[in-house]
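Colleague: here's a sequence, model it:
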Amino acid sequence: MKIIEIEPIVLHVPYEDRIRKQYYHFNMTEQVTVYKFYTDAGLIGIGENVGPPFDSELLDRYLGTNPFDHVMGSGRFNLDMACYDLMGKHLGLPAWKLMGQQVRHWVAIGWWMPCMSPENTAAEVEIAAERGYRGLKCKARAFYDIIEQSHAIQEVAPPDFRVEYDFNGSLINVEKALPILRELEKIPVVKGIEEPIFAYDVEGWRRLHQEIRIPFYLHGVGVLSEPASRQPSGPWTGLRRGDFDGALCSHESIKSALAAGWVFAAANTPILLQYVGTGITTAFVCHLGAVMPTATLPGVTASHAYEDDLIVTEHQVQRGFMKVPENPGLGIELDEEAIEHYSQTTALPSPRHISIITLPGNIKHYYRNLQQAENLMKQGVDESYVSGIRLDEWEDDGTSKFDQLWTQLQENDWPIWE
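Modeller: So this is what the prediction gives:
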């Protein structure tokens with residue numbers, strides 16, 4: 001069996017209406033590329049990635065190869081998943097059978113959302129719970145009051161709900177992080193913290209780890225060092241020293257993910273699977289989670305955010321767990337009508353906007369966008385995580401005031417303070 005053709009299909013799949021604006025401001029894309037791998041045996045394998053198609057040079061590496069050449073592949077998981085889909089269909093077996101021994105039939109899968117206001121966060125948690133989810137991975141950013149946000153979640157969440165916050169280092173250092181993390185400790189729904197401070201501050205992580213009871217998660221599970229090296233990888237070193245309590249397997253190759261699965265199992269340390277995509281990628285994540293012994297933290301794909309998951313039969317979710325597909329390959333059927341529809345839709349133009357940070361005393365600071373605010377606040381340009389802080393987006397209302405301020409903000413990489 002040989003791969004003879006790869007067809008990239010570019011789609012525009014909108015996010016659900018209620019969160020489109022927030023996702024747009026967070027710089028998320030609604031573009032999705034689905035790949036069909038055609039073989040000389042008549043089988044078709046499915047893969048996908050968020051964003052535009054990969055370069056033809058990358059795709060050409062698969063042409064003329066046997067899908068079985070990519071077992072434990074170290075290439076893009078987006079493409080290797082199509083090979084596992086083909087291998088499973090060829091053998092009449094689910095993809096997990098080619099990854100390892102099954103350890104679970106239902107995989108923990110959580111909800112994902114960018115940073116939002118406390119009221120919008122609470123509303124999103126209610127929707128997640130209604131749809132059967134019991135875990136949330138939420139971005140934490142310096143321009144929202146995370147304590148107020150957490151209390152808002154606590155008020156509406158079911159008793160078995162949990163939230164993991166991803167700070168991406170935005171608490172900066174121990175001095176800034178400790179008071180905030182101590183307050184989060186008091187809120188039962190908060191169950192995990194990803195990268196509270198800059199990852200290179202190893203001693204800072206250890207100091208926080210000694211002081212705070214909430215588990216810490218590292219972004220990255222890379223236990224393999226290639227080419228051959230006598231030096232252990234960073235995650236492996238931290239795992240042995242006990243510097244963190246779990247880690248994210250985020251968009252890792254299949255080879256790296258499965259290798260980490262066994263290393264983390266030996267260390268009895270949990271893994272959170274994070275692979276962003278539609279129902280196609282979600283199926284792939286279920287197969288990975290079926291064989292990785294400690295993939296017990298609620299994984300995230302954000303497929304729930306799209307108005308359509310591009311597959312015929314929706315994934316089954318029950319109290320925070322998703323059923324592993326049982327049919328051959330990825331175990332899903334592509335919704336060809338949806339593929340045809342979204343291949344003909346185009347992105348709607350989004351209005352210009354300005355990010356407004358409001359500090360206590362109703363003091364307003366204006367930023368070019370959310371990304372600028374995030375970057376500069378990490379540098380201490382503005383006060384971060386202060387009690388009562390919030391961010392609002394001012395979309396172009398056609399006024400001269402908006403146009404003048406927006407033009408000023410484009411001229412240099414600094415905010416404008418009232």
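
Colleague: what's the weakest-modelled helix or strand in the protein?
Modeller: In the chain, no helix or strand scores lower on mean pLDDT, DSSP states H and E than helix 234-241, which sits at a mean of 77.

Colleague: which residues of the chain fall in helices?
Modeller: Along the chain, the stretches classed as helices by DSSP state H are 17-25, 56-60, 77-91, 118-130, 146-156, 174-184, 202-211, 234-241, 254-266, 279-291, 336-342, 370-378, 400-411.

Colleague: which of these sits most buried?
Modeller: helix 279-291 (a mean of 27; mean count of other Cβ atoms under 10 Å). C-beta: built from backbone N, CA, C; applies to glycine.

Colleague: same question for it, mean pLDDT?
Modeller: Helix 279-291 shows a mean pLDDT of 98.

Colleague: now do stretch 369-386
Modeller: 94.

Colleague: list the contacts of it.
Modeller: Stretch 369-386 is contacted by residues 25-27, 141-143, 145-146, 169-172, 176, 180, 353-355, 357, 359-360, 365, 367, 389, 391, 393, 413-415 when judged by Cβ atoms under 8 Å, 6 or more residues apart in numbering.

Colleague: so where's the stretch 201-350 of the chain shaky on pLDDT?
Modeller: 225-233 (pLDDT under 70).

Colleague: one more time with 90
Modeller: 202, 209, 220-244, 346-350 (pLDDT under 90).

Colleague: picking that back up, need the buried ones from the contacts of stretch 369-386 selected in ChimeraX.
Modeller: Applying 16 or more other Cβ atoms under 10 Å to these leaves a buried subset, and the ChimeraX line that selects it is:
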select :25,26,141,142,143,145,146,169,170,171,172,176,180,353,354,355,357,359,365,367,389,391,415
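
Colleague: please look at V291 and V107 and confirm they touch.
Modeller: No: using Cβ atoms under 8 Å, V291 makes no contact with V107, being 10.0 Å away.

Colleague: tell me the contacts of A295?
Modeller: 107-108, 249, 261, 270-273, 288-289.

Colleague: same list, those residues, but as CSV with distance to E57 please.
Modeller: Shown next, in CSV, are those (distance: Cβ to Cβ, whole Å):
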residue, distance to E57
V107, 34
A108, 37
C249, 27
G261, 30
P270, 37
I271, 32
L272, 32
L273, 28
L288, 27
G289, 31
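
Colleague: beta partners of P94?
Modeller: G329 (DSSP bridges).

Colleague: residues in contact with it?
Modeller: 88, 287, 324-329, 331.

Colleague: quick one, which of those are buried?
Modeller: Using 16+ other Cβ under 10 Å, the buried ones in these are 88, 287, 324-325, 327-329, 331.

Colleague: quick check: pLDDT value at the residue lying closest to D160 once chain neighbours are set aside.
Modeller: Leaving aside its sequence neighbours, D160 sits nearest to R134 (Cβ to Cβ, 6 or more residues apart in numbering; 5.4 Å). What the model reports for R134 is a pLDDT of 97.

Colleague: K89 and G45, how far apart?
Modeller: From K89 over to G45 the distance is 7 Å, taken as Cβ to Cβ, to the nearest Å.

Colleague: returning to that earlier point: quick check: phi and psi on the residue nearest to D160?
Modeller: Here is the backbone geometry of R134 (degrees, to the nearest 10): phi -130, psi 10.

Colleague: coming back round to it: as TSV, the contacts of P94 with distance to L11 would be great.
Modeller: Output for those, formatted as TSV (distance: Cβ to Cβ, whole Å):
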residue	distance to L11
G88	24
H287	23
V324	25
P325	21
E326	27
N327	23
P328	25
G329	21
G331	21
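
Colleague: any residues in contact with both of K89 and G45?
Modeller: G329.

Colleague: start to end distance for stretch 21-35?
Modeller: One end of stretch 21-35 sits 28 Å from the other (Cα to Cα, to the nearest Å).

Colleague: burial measure for the residue nearest to D160, as a count.
Modeller: 22 (other Cβ atoms under 10 Å).

Colleague: picking up where we left off before, between the buried ones among the contacts of P94, which is closest to V10?
Modeller: Nearest to V10 among those: G329, at 22.9 Å, using Cβ to Cβ.

Colleague: I figured the closest one hits L91, correct?
Modeller: No: assessed by Cβ under 8 Å, G329 is found out of contact with L91, at 9.1 Å.

Colleague: just to revisit the earlier point, wait, isn't the residue nearest to D160 in contact with V163?
Modeller: No: checked against Cβ under 8 Å, the pair R134 and V163 is beyond contact range at 10.3 Å.

Colleague: ok so, going back, make a markdown table from the helices of the chain and add distance to I311 to it.
Modeller: Below are the helices of the chain laid out as a markdown table (distance: least, Cβ to Cβ, whole Å):
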| stretch | distance to I311 |
| --- | --- |
| helix 17-25 | 21 |
| helix 56-60 | 22 |
| helix 77-91 | 12 |
| helix 118-130 | 20 |
| helix 146-156 | 30 |
| helix 174-184 | 37 |
| helix 202-211 | 40 |
| helix 234-241 | 33 |
| helix 254-266 | 20 |
| helix 279-291 | 4 |
| helix 336-342 | 8 |
| helix 370-378 | 31 |
| helix 400-411 | 41 |
